[in-house]
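Asker: Curious how this folds, go ahead:
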Amino acid sequence: MLDIISMTILIIFMILFGLIAIFIIIGGNMNKSEEEQRMEDEEQLQYLKKYNEKKFNKRHKNKK
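Answerer: Below is the predicted model of the structure:
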């Protein structure tokens with residue numbers, strides 16, 4: 001009987017933790033202005049360009 005109660009409480013806490021995490025993630029993206037969204041997009045593009053350059057350079061160093 002104690003196992004069923006403890007498992008039920010554990011499941012309830014896990015569900016609550018998951019919901020809180022989801023709300024934090026959603027809330028973090030809701031109030032961004034267009035300027036902030038544009039800046040984030042530019043930062044992501046810069047990161048991807050640098051990442052691809054490093055990946056390209058690694059491949060060509062290994063082939064030499």
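Asker: Now the most centrally placed residue in the chain: which helix or strand?
Answerer: Nearest to the mean C-alpha position of the chain, by CA atoms, centre = their mean, lies residue 25 at 8.5 Å. Take DSSP states H and E as the rule and residue 25 turns out to sit in helix 2-30.
Asker: taking the mean pLDDT, what do you get for that helix?
Answerer: Computed over helix 2-30, the mean pLDDT rounds to 91.
Asker: Give the rounded mean pLDDT of the following helix or strand past it.
Answerer: Later in the chain than helix 2-30, the nearest helix or strand by DSSP H and E is helix 34-63. Averaged across helix 34-63, the pLDDT comes to 90.
Asker: what angle sits between helix 34-63 and helix 2-30?
Answerer: Here helix 34-63 runs at an angle of 100 degrees relative to helix 2-30 (axes from the mean of the first three to the mean of the last three CA atoms, to 10 degrees).
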